[in-house]
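A.B. asks: below are the sequence and a predicted model for it; my questions follow.
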Amino acid sequence: MMRRRNVKIIATLGPASNVKEKIRELFNAGADVFRLNMSHLNHEGLTRLHALIREVEAEEGRPVGILVDLQGPKLRVGEIADGAAMLEKGARFRLDLDPAPGDATRAPLPHPVIFAAVEVGQSLLLDDGKIRLRVTRTGADFAETEVIVGGRLTNRKGVNVPETVLPLKALTDKDVADFEKALELGVDWVALSFIQRPDDIAEARKIARGRVAVLGKIEKPQALIHLDEIIDISDAVMVARGDLGVELPLEEVPGWQKRITRSARRAGKPVVIATQMLESMIASPVPTRAEVSDVATAVFEGADAIMLSAESAAGQYPVEAVRMMNRVAESVEADPTYPGIIYSQRTEPEATGADAISAAAHSVADTLKAAAIVCWTNSGSTGLRAARERPLFPIVALTPIPATARRLALVWGLHCVLTEDAHDLDDIAERACRIAFQEGFAQPGQRIIVTAGLPLGTPGATNMLRVAFVGRKGSAAD
């Protein structure tokens, strides 16, 4: 199946989409990667969904990526008497370690690490920022606050601490166990929540040991301080606008989305835009105009992937949501303003042979009006370099390694095809022409640009560029 767009679509699986036929429908509608959210899955559920996705992948004959999203630390208040209490603006409100049910004057907060870190004058946010408190006094086991923005507080609502770095690891014991299970199953990406510093990613990479790609979710203001270092150490990043929009002023989120996207593109790292992209489609068969514009903005910015969360996991119209996202992406990429916007953000290649070859492939393909760039890649680095150039013609990534093809399913513009490794230089061009023809990207008489690393199979050694003519039935002719 040939997608008619470069940006990729990630669909979250959940109660509305956790059976094989629905997964197949989502794939055929446009989903390239499936997200499995460990906040709502146990190991049995993870194993079952992993198996179903792999069955669909085998039957459809296309590499499909699997992203496991770890839960991360969850900070929540305890129980409230009668299930809810109304906090009035200007009132005094205490949070403490006493497990007794709370009321309109206090609530249990079983996280002493918060009391140790928070300072007078800082904010505490409850229930995704709906309730805002300002700290007036602290102790080892309590924080007294003033209610700045009131509201109805119910049991187990989340707590955000936007103005301080909490001495918490991004990986809880549950996350480590989930991580190990994901590695055992052989998933392609693991997303790390609650990142505050580069060390959080480094810890995950030690566990991964190269067996899975690590995606850092940018959802804490503290992560923005170390953004470049986090991008550098991650395999990809996600603009997780949900929590980021709780802990930052909402009006700052669009600007940060652009800055994160452009920083990731400069570094050649995939970037995913996530949260509330088509939120109204949880209950409606059509999105709002604002949501369509939101998706379009991410595509115009050159994001590698755009993600559906509750829309595909728990909504009433999961397949329709994927189809809509696919249609918006196709429309944006066909817009006459799209090439200029994409090219204006293009960055200079790094001073390496591999980057120079990838940049040259783009330039030669542009000059010759080539039908496609075909890159041979074992580790995936050649494919990533080709995608970083954002050429506005197809990129076909050929690899003999299923894990590489699945991992690259998240990356902008890459159409991944599994094939045995090439035997020699002639086979590199011959097979590239034949596959480009068979996949519908090139016709006899057209030219393709072929890149590869020599010796064959050497990771990251992109050092060959070849122009090949597609002959009859897809054969190569220089």
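C.D. replies: Arrived safely, thanks for sending.
A.B. asks: how many other residues sit next to residue 423?
C.D. replies: 11 (other CB atoms under 10 Å). Glycine gets a C-beta too; all of them are placed from N, C-alpha and C.
A.B. asks: domains for this protein, by residue range?
C.D. replies: Taking automatic domain parsing as the criterion, the chain consists of the domains 8-73+170-332, 81-160, 353-477.
A.B. asks: of those domains, which is nearest residue 339?
C.D. replies: For residue 339, the closest of the domains of the chain is domain 353-477, at 5.4 Å, according to CB to CB.
A.B. asks: before we move on, the earlier item: let's have the domains of the chain in TSV, adding mean pLDDT and distance to residue 2.
C.D. replies: Below are the domains of the chain laid out as TSV (pLDDT from 0 to 100; distance: least, CB to CB, whole Å):
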stretch	mean pLDDT	distance to residue 2
domain 8-73+170-332	97	10
domain 81-160	96	40
domain 353-477	91	5
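A.B. asks: JSON lines for those domains, including distance to residue 341?
C.D. replies: Listed next are the domains of the chain as JSON lines, based on distance: least, CB to CB, whole Å:
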{"stretch": "domain 8-73+170-332", "distance to residue 341": "5"}
{"stretch": "domain 81-160", "distance to residue 341": "32"}
{"stretch": "domain 353-477", "distance to residue 341": "10"}
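A.B. asks: check which residues of whichever helix or strand residue 206 is part of are buried.
C.D. replies: Assigned by DSSP states H and E, residue 206 belongs to helix 198-208. Going by neighbour count (16 or more other CB atoms under 10 Å), the buried part of helix 198-208 is 198, 200-201, 203-205, 207-208.
A.B. asks: please apply the same query to stretch 445-454.
C.D. replies: For stretch 445-454, the neighbour count (16+ other CB under 10 Å) marks 446-453 as buried.
A.B. asks: ok, of these, which one's closest to residue 110?
C.D. replies: Using CB to CB, the buried residues of stretch 445-454 come closest to residue 110 at residue 453, 53.2 Å.
A.B. asks: so the closest one makes contact with residue 380?
C.D. replies: No. The criterion here is CB atoms under 8 Å, and residue 453 misses it with residue 380 at 11.8 Å.
A.B. asks: look up phi and psi at residue 36.
C.D. replies: Residue 36 adopts backbone torsions of phi -110, psi 110, taken as degrees, to the nearest 10.
A.B. asks: secondary structure element for the closest residue in space to it that isn't next to it in sequence?
C.D. replies: Leaving aside its sequence neighbours, residue 36 sits nearest to residue 68 (CB to CB, 6 or more residues apart in numbering; 5.1 Å). Using DSSP H and E, residue 68 sits in strand 65-69.
A.B. asks: quick one: strands adjacent to that strand?
C.D. replies: strand 33-37 (parallel), strand 189-192 (parallel) (DSSP bridges).
A.B. asks: distance to residue 97 added to these, as TSV?
C.D. replies: Below are the strands paired with strand 65-69 laid out as TSV (distance: least, CB to CB, whole Å):
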stretch	distance to residue 97
strand 33-37	30
strand 189-192	28
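A.B. asks: distance to residue 415 and mean neighbour count added to these, as CSV?
C.D. replies: CSV is the format used below for those (distance: least, CB to CB, whole Å; neighbours: other CB atoms under 10 Å):
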stretch, distance to residue 415, mean neighbour count
strand 33-37, 14, 24
strand 189-192, 19, 26
